[in-house]
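S.K.: Sequence and predicted structure are below.
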Amino acid sequence: MFTMQDSSSVSRNLIFIIFIIFLFDLRVQSYNTTIITNGDNCDPCVGIFHVYVTDCNGSVIRDAGKRSCSFFDPTVFFNWEEAPDLYCVHLYPQTHPPRNRYFGYRSTDSCMILAGDEETWHFEQRDVANCIKDSCKG
Ligand SMILES: *[C@@H]1O[C@H](CO)[C@@H](O)[C@H](O)[C@H]1NC(C)=O
Ligand SMILES: *[C@@H]1O[C@H](CO)[C@@H](O)[C@H](O)[C@H]1NC(C)=O
């Protein structure tokens, strides 16, 4: 009898511990989002762009501020490794805030590429696995 009780309370505790680990794992799950620019490799990015991440419902959860890109800047224009389950990555040229563009993601890492200037700019999604590699091929 006592042995039975002990073993069932042990397995109850185990289930409890596994459940806590599971919750903790859910809590810390975050995603890696990156915007690259071409640097001086090919189609360059020249300008100042405001970059920020929202919850896809109007709330800014990460504001990277206004960032400039140029021939000489590093390939990684923006990176955030703590993006939540649902997030939208927004960007607009400082001269044209209404031209805001964004991509939304759910439970995935993401990679985007920015090229052009503040008048004529391209903001596109890229394959995450080849995010930085071979950045010339948008
Ligand atoms: C979006 O935001 C509005 C206003 O804050 C809120 O009422 C609504 O529940 C939100 N929707 C989602 C899906 O979070
Ligand atoms: C996030 O993505 C960037 C671009 O692919 C990569 O360089 C970086 O190592 C990634 N970070 C993590 C923690 O995986």
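M.R.: Yep, it's here. Ligands and ions are numbered 1, 2, ... in the order given.

S.K.: and the closest residue to Cys69 other than its chain neighbours, how far is that from Ile132?
M.R.: Spatial nearest neighbour of Cys69, excluding adjacent residues (C-beta to C-beta, 6 or more residues apart in numbering): Cys45 at 3.8 Å. From N, CA and C alone the C-beta is placed, and that goes for glycine too. Applying C-beta to C-beta, to the nearest Å, the value for Cys45 to Ile132 is 15 Å.

S.K.: The two: which has the busier surroundings?
M.R.: Comparing Cys45 with Ile132 by other C-beta atoms under 10 Å, the one with more neighbours is Cys45, at 24 against 13.

S.K.: From the centroid of the protein, which residue is nearest?
M.R.: The chain has Thr33 as the residue nearest its centroid, 2.2 Å off, counting by C-alpha atoms, centre = their mean.

S.K.: what packs against the strand or helix carrying it?
M.R.: For Thr33, the host element (DSSP states H and E) is strand 31-37. Using 3 or more C-beta pairs under 8 Å, 6 or more residues apart in numbering; DSSP states H and E, the elements in contact with strand 31-37 are strand 45-54, strand 76-83, strand 86-93, strand 110-117.

S.K.: Spell out which parts of the protein neighbour ligand 2.
M.R.: Selection of the chain residues close to ligand 2 by C-beta under 6 Å from any ligand atom yields Asn32, Thr34, Asn79, Glu81, Cys111, Cys131, Ile132.

S.K.: Just the buried residues of those residues.
M.R.: Buried subset of the residues of the chain next to ligand 2 (neighbour count, 16 or more other C-beta atoms under 10 Å): Thr34, Cys111, Cys131.

S.K.: got a pLDDT number for the residue nearest to the centre of the chain?
M.R.: pLDDT recorded at Thr33 is 98.

S.K.: and Arg67, what are its bridge partners?
M.R.: Beta-bridge partners for Arg67, by DSSP bridges, are Phe49.
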